[in-house]
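Enquirer: dropping a prediction and its sequence here:
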Amino acid sequence: MPSFKIDLSTAVVFVATAPTPKLANAKTGERAMDRETGAPLSTVGLLISDEGEGNLYQVTIPETGYSEGLAPGLPVKVVGLKARDWENEFNGQKRHGIAFRAVAITAAA
């Protein structure tokens, strides 16, 4: 599926929830890994405010793309944010949505 770059040049971005490990299998606890680099993946909640509107997004990021200290309320810069639509079927129900992925998240200071 194609992905689309998201322009954050005019946005203000804050950490809403600290990074947590992303799981490939919740039953076994197997960690999700980046297919290209093999790095473990995490999910971080970001509050993105632009043009008078703020939204919360769950963004997947490799552990190599952020450092310790990403805590709620911290202003950050996001590198390489992309969106990709997805669809799957689980227990006979079709589900769909948009997945967000970034290359790196750093403190805005």
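Expert: Yes, it's here.

Enquirer: run through the residues that contact the nearest residue to I6 once chain neighbours are set aside.
Expert: The shortest distance from I6 to any residue that is not its chain neighbour, by CB to CB, 6 or more residues apart in numbering, is 4.4 Å, and that residue is L81. Where C-beta positions appear, they are placed from N, C-alpha and C, glycine not excepted. Residues in contact with L81, defined by CB atoms under 8 Å, 6 or more residues apart in numbering, are K5, I6, L8, V59, F100, R101, A102.

Enquirer: buried residues, stretch 59-79. List them.
Expert: V59, T60, I61, P62, E63, G65, Y66, L70, L74, V76, V78 (16 or more other CB atoms under 10 Å).

Enquirer: what distance separates the start and the end of that stretch?
Expert: Across stretch 59-79, the terminal residues are separated by 12 Å (CA to CA, to the nearest Å).

Enquirer: show residues contacting that stretch.
Expert: With contacts defined as CB under 8 Å, 6+ apart, stretch 59-79 is touched by 8, 12-19, 22, 32, 34, 37, 39-46, 81, 99-109.

Enquirer: burial measure for N55, as a count.
Expert: For N55, the count of nearby residues is 10 (other CB atoms under 10 Å).

Enquirer: I meant to write F14 there.
Expert: Neighbourhood size, F14 [other CB under 10 Å]: 17.

Enquirer: nearest spatial neighbour of it, skipping sequence neighbours?
Expert: If you skip the residues right next to it in sequence, F14 has L47 as its closest partner in space, 4.6 Å away by CB to CB, 6+ apart.

Enquirer: show me what counts as buried in stretch 100-109.
Expert: If you call a residue buried by 16+ other CB under 10 Å, then stretch 100-109 has these buried ones: F100, R101, A102, A104, I105.

Enquirer: got it, and stretch 36-55?
Expert: Burial within stretch 36-55, assessed by neighbour count using 16+ other CB under 10 Å, is assigned to L41, S42, T43, V44, G45, L46, L47, I48.

Enquirer: are we agreed that the fourth one is in a helix?
Expert: Right, the one you point to is V44. No: if the criterion is DSSP: H, G, I helix; E, B strand; the rest coil, then V44 is strand and not within a helix.
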